[in-house]
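Asks: only geometry, no sequence info:
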């Protein structure tokens with residue numbers, strides 16, 4: 001091949017400054033887009049892990065509350081069978097739900113029910129005391145505990161279902 005012919009081929013392949021600037025800009029845009037995509041995926045995974053942690057932690061706390069309620073109901077029924085008398089019980093303290101999580105990561109309706117559960121426990125205690133004292137309903141506390149137990153179990157099941165653990 002002739003040297004002059006090689007020189008012409010090199011001249012045709014030379015990049016102009018416009019081409020170089022365009023390549024640099026395109027590379028920067030692609031790099032920034034790829035970095036943003038990676039950050040988005042990382043953020044999505046982190047939120048999903050946090051929602052799972054929140055759901056499992058709250059479900060476990062609610063289930064522990066439900067177990068405590070079940071034990072009280074069983075104890076009261078056994079006491080009645082043995083002595084033909086209904087004792088007095090207090091409704092268990094509301095479960096301690098995780099405070100170190102972003103509650104906005106779960107369904108709004110479920111979040112409302114979970115965060116309102118503590119108020120429901122207090123309301124049930126007051127209603128049961130009123131019914132026992134003023135209406136003479138000796139089973140009011142047992143009924144309230146049974147209802148709260150079912151509600152806690154239902155909420156725990158919903159939490160587990162939301163993250164695919166049912």
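Replies: Yep, it's here. Just so you know, these numbers come straight off a predicted model, no measurement behind them.

Asks: do you know how far residue 73 is from residue 90?
Replies: Look at residue 73 and residue 90: by CB to CB, to the nearest Å, they are 13 Å apart. C-beta here means a position set from N, CA and C on the backbone, and glycine is covered the same way.

Asks: of these two, which one has the most company?
Replies: Set side by side, residue 73 and residue 90 give different neighbour counts by other CB atoms under 10 Å, the larger being at residue 73 (17 against 11).

Asks: pick out the residue nearest the middle of this structure.
Replies: Per CA atoms, centre = their mean, the C-alpha nearest to the average position across the chain is that of residue 55, at 3.3 Å.

Asks: quick check: the gap between that residue and residue 62.
Replies: Distance of residue 55 to residue 62, given as CB to CB: 11 Å.

Asks: overlap in contacts, the two.
Replies: Counting by CB atoms under 8 Å, 6 or more residues apart in numbering, the residues touching both residue 55 and residue 62 are residue 159.

Asks: per-residue confidence at residue 131?
Replies: If you check residue 131, the pLDDT there is 89.

Asks: my error: substitute residue 77 in the last question.
Replies: If you check residue 77, the pLDDT there is 88.

Asks: tell me the helix or strand right after the lengthiest helix in the chain.
Replies: The residue-count maximum for a helix in the chain (DSSP state H) belongs to helix 17-83. The helix or strand immediately downstream of helix 17-83 is helix 108-134, counting by DSSP states H and E.

Asks: what is the orientation angle of that following helix with helix 17-83?
Replies: Interaxial angle, helix 108-134 versus helix 17-83 (axes from the mean of the first three to the mean of the last three CA atoms, to 10 degrees): 20 degrees.

Asks: for whichever helix or strand comes after helix 108-134, which outside residues touch it?
Replies: Using DSSP H and E, the helix or strand that follows helix 108-134 in sequence is helix 140-162. For helix 140-162, contacts defined as CB under 8 Å, 6+ apart pick out 51, 55-56, 58-60, 62-63, 65-66, 69-70, 72-73, 76-77, 86, 88-92, 95, 106-107, 110, 113-114, 117, 120-121, 124-125, 127-129, 131-132, 166.

Asks: residues contacting the residue nearest to residue 125 when sequence neighbours are not counted?
Replies: Using CB to CB, 6 or more residues apart in numbering and skipping the chain neighbours, the partner closest in space to residue 125 is residue 91 (4.5 Å). Listed by CB under 8 Å, 6+ apart, the contact partners of residue 91 are 69, 121, 124, 125, 128, 141, 144, 145, 148.
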